[in-house]
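Need the 3D shape of this:
(chains A and B)
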Amino acid sequence: MISLSFARFSAVLIKEFVQMRRDRVTFAMMIGIPVMQLLLFGYAINSDPKHLPTLVQMDDSGPITRAVLASMQTSDYFDFLGAVTGREEGDRALRDGTANFVVVIPQNFERDVLRGLSPDILLAADASDPTATSGAVAALTGIVDAAVAQSLTGARQPEPRPAAPFTVTVHRQFNPESETPINIVPGLLGVILSMTMVMITAVAIVRESERGTMEALLATPVRPLEVMFGKIIPYILVGYVQTAVFLLAARFLFDVPFLGSPLAFFIGFNLFIAVNLMVGFLISTVARSQMQAMQISFFTLLPTILLSGFLFPFAGMPGWAQAIGSAIPATHFLRITRKVMLKGAGLADIASDMAAIGAIAAVVIVISLSRYRQTLD
Amino acid sequence: MTDNADLAISVRGLTKRFGDKTVVDRFDMDVPRGSIYGFLGPNGSGKTTTIRMMCGLLVPDGGEGECLGYDILTQSRRIKEHVGYMTQRFSLYEDLTIRENLDFMARMFRLKDRTARVDKALDDLGLKDRADQLAGTLSGGWKQRMSLAACMLHEPRLLLLDEPTAGVDPKARRDFWDEIRRLSAKGVTVLVSTHYMDEAVQCDFIAYIAYGRRLISGPAGEIPNIIGLHTWQVEGGDISALEEELREDERVGQVARFGPVLHVSGTDQAALDEVAHEHIKRGTHKWTAREAGLEEAFIYLMAGARDNFAVPGGAQ
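Numbering: from 1, shown residues only, chains lettered A, B, ... in the order given. Next comes the predicted model:
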């Protein structure tokens, strides 16, 4: 006969809130970490950077060259710092980091273009940070082609039309402007929730046994479920607050659209919070101290960031890494948020991801129940 | 239940193992209702584990027993409703105030008139002025008072106190024991584990445990007899020099000094008497045979705990 007492449950709940309010540092962290991460990831990290310092080595000049350089400048990827006179000077600039690119316009470039010999423009790029340069490199061909075509048309016509402004299109679906925040911000919610929910739950539960208060608690007629619910629900609410802050920031700071079904998002995110709390609970059954709980939580955070597809494309990882990644709840939640927010997905579209999270949750529950101690032994 | 109507606790063969280490080994104990029962033993002897098994915090690996008439194996929830357990380590919330802590415990026991009872508990233990102080900022004595208040809130019939006065100053300890006796007079049974002699002598009954086994138990007054301890009281002369000398003497079990008086004790009466008579012949000090007291018994037990406590009853 199991009769849960609402009175006892609410007593634990109230106590938990009072403790949360008194523990200002943790409380500040719970709200501060997500905001800080959001700002850092959203504003500071840009995998498609623009305005990269560029030098040009002009071994030829003419209308086509000018058009090419002008359009590179207009593309925003390249900021021209000035000209170099020889290969060595350009190399030095790349080495010491003054410039990320050196554009070399070869001799007889104008003539060769007009003759249809398709001369090469050399773009020497500092590839030590591929992320920094790959976007610009990818965009360059398009820029040059367009500029050359434009100039040729102009040259053959008696009255050159004014150069029409054009933009470089790097065609990426769902993020037409190649803005990193739109890719990274929805994924960030999964990372933030993983980090705070798992860690806070694990620490909050371990704290009771570490400080010895679990002993007094277990000596009362309170039932474990009453303690668990009472302890966990405040943190679910924290998760809600974090998500709300996050969604507002995504909308108003980063202009991340929310195209899909709010219901699908709501269900998916509750499921994700639940699975994180369970993981936190599981960690608390292993950890002997709050410090250990924290360390184990951080240990789980690393694959969450690296293998979930948050920072690096999931499809690009080797099979074993994908296998590990698939076992991480955040991987699936990340897909849910990206699908719902960016691709306008509804419930049906995220069913497979939710099933995956559900399966992970089932495994976690089985393991933690087998480890859970109702008594002190 | 009918058999044990006079016993608050009655356990037989209680056994607990952690891994391959047997922490409590076939432990028996009978605690009469309304008594103050002292639970003595060195650190790591299994006192805490035994107490935890009695109130359902640990599941015994073997044995059986009743606590307040409830089966300790199957009715731990009922036991918890009627038992006040004060843990060895402070186990209330340091980041809650005294009042919040008591209120929380009152809710755990689903007490009616919660506020009134918390107020009364605060009053009874003189905590009223500090009611809104955070528990973490209290000194040891106040924390311990508050713990007692917390485990008395639901008016338990049995109090389990696990080294309640460890690290508490003597004044606070005396006050604490006044409170314990007051509760005992009201009919509350108290099982208290302790290291301190002055606490041991306040108990009606004593059980001594070492290596998880009960070695001795009985009414406090009979303990010296049970051990078979004999004592000579010595006074006069250069007592310090004599103390030194007697400590070297292998025939003497132990020498305890009480101010200008020595209590020389041992379990081998013949050997002890031999020493006494040698010294009486010397005539430097006044030797008087006396009955061994609980103090001697306590010192004997605690000393034996370090060397040779696997030998029950102190047989040589």
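
Can you tell me which helices and strands the lowest-mean-pLDDT helix or strand in chain B packs against?
Here the helix or strand of chain B ranked lowest by mean pLDDT, DSSP states H and E is helix B:294-307, holding a mean of 73. With contacts taken as 3 or more C-beta pairs under 8 Å, 6 or more residues apart in numbering or on different chains; DSSP states H and E, helix B:294-307 sits against strand B:36-40, helix B:197-200, strand B:205-210, helix B:223-227, strand B:254-258, strand B:261-266. No exception for glycine: its C-beta is placed from N, CA and C like everyone else's.

what about the strands in the chain?
Since you didn't name a chain, this refers to chain A. Using DSSP state E, the strands of chain A run over residues A:52-58, A:78-84, A:101-105, A:122-125.

that's the other chain; I wanted chain B
Taking DSSP E to define them, one finds strands in chain B at B:7-18, B:21-32, B:36-40, B:62-67, B:70-71, B:83-86, B:158-162, B:189-194, B:205-210, B:213-219, B:230-235, B:254-258, B:261-266, B:286-291.

Dump those to JSON lines, plus distance to chain A, mean pLDDT and mean neighbour count.
Formatted as JSON lines, these follow (distance: least, C-beta to the nearest C-beta, whole Å; pLDDT from 0 to 100; neighbours: other C-beta atoms under 10 Å in any protein chain shown):
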{"stretch": "strand B:7-18", "distance to chain A": "7", "mean pLDDT": "91", "mean neighbour count": "19"}
{"stretch": "strand B:21-32", "distance to chain A": "10", "mean pLDDT": "90", "mean neighbour count": "19"}
{"stretch": "strand B:36-40", "distance to chain A": "17", "mean pLDDT": "92", "mean neighbour count": "26"}
{"stretch": "strand B:62-67", "distance to chain A": "12", "mean pLDDT": "91", "mean neighbour count": "20"}
{"stretch": "strand B:70-71", "distance to chain A": "12", "mean pLDDT": "92", "mean neighbour count": "18"}
{"stretch": "strand B:83-86", "distance to chain A": "4", "mean pLDDT": "92", "mean neighbour count": "26"}
{"stretch": "strand B:158-162", "distance to chain A": "8", "mean pLDDT": "93", "mean neighbour count": "24"}
{"stretch": "strand B:189-194", "distance to chain A": "14", "mean pLDDT": "92", "mean neighbour count": "25"}
{"stretch": "strand B:205-210", "distance to chain A": "19", "mean pLDDT": "89", "mean neighbour count": "25"}
{"stretch": "strand B:213-219", "distance to chain A": "20", "mean pLDDT": "86", "mean neighbour count": "19"}
{"stretch": "strand B:230-235", "distance to chain A": "40", "mean pLDDT": "90", "mean neighbour count": "21"}
{"stretch": "strand B:254-258", "distance to chain A": "35", "mean pLDDT": "87", "mean neighbour count": "16"}
{"stretch": "strand B:261-266", "distance to chain A": "38", "mean pLDDT": "89", "mean neighbour count": "22"}
{"stretch": "strand B:286-291", "distance to chain A": "40", "mean pLDDT": "88", "mean neighbour count": "14"}
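
Tell me, how many residues neighbour B:Ala116?
Counted by other C-beta atoms under 10 Å in any protein chain shown, the residues lying close to B:Ala116 total 11.

For it, which residues are in contact?
Residues near B:Ala116 by C-beta atoms under 8 Å, 6 or more residues apart in numbering or on different chains: none.

Kindly state the pLDDT recorded for it?
At B:Ala116, the model reports a pLDDT of 93.

Check A:Ala127 too.
For A:Ala127, the predicted pLDDT is 65.

Am I right that B:Ile51 is in contact with B:Met86?
No: B:Ile51 is not in contact with B:Met86 according to C-beta atoms under 8 Å; the separation is 9.7 Å.

Please enumerate the shared neighbours of these two.
Shared contacts of B:Ile51 and B:Met86, defined by C-beta under 8 Å, 6+ apart, are found at B:Leu160, B:Asp162.

do you know which of the strands of chain A lies nearest chain B?
strand A:52-58 (51.6 Å; C-beta to the nearest C-beta).

elements contacting that closest one?
helix A:63-74, strand A:78-84, helix A:87-95, strand A:101-105, helix A:130-156.

same thing but 10 Å
Packing partners of strand A:52-58 (3 or more C-beta pairs under 10 Å, 6 or more residues apart in numbering or on different chains; DSSP states H and E): helix A:63-74, strand A:78-84, helix A:87-95, strand A:101-105, strand A:122-125, helix A:130-156.

now that strand and strand A:101-105, what's the angle there?
20 degrees (axes from the mean of the first three to the mean of the last three C-alpha atoms, to 10 degrees).

Point me to the residue of the stretch 101-250 of chain B nearest chain A.
Nearest residue of the stretch 101-250 of chain B to chain A, counting by C-beta to the nearest C-beta: B:Arg107, 3.4 Å away.

quick one: pLDDT of that residue?
Predicted confidence (pLDDT) for B:Arg107: 92.
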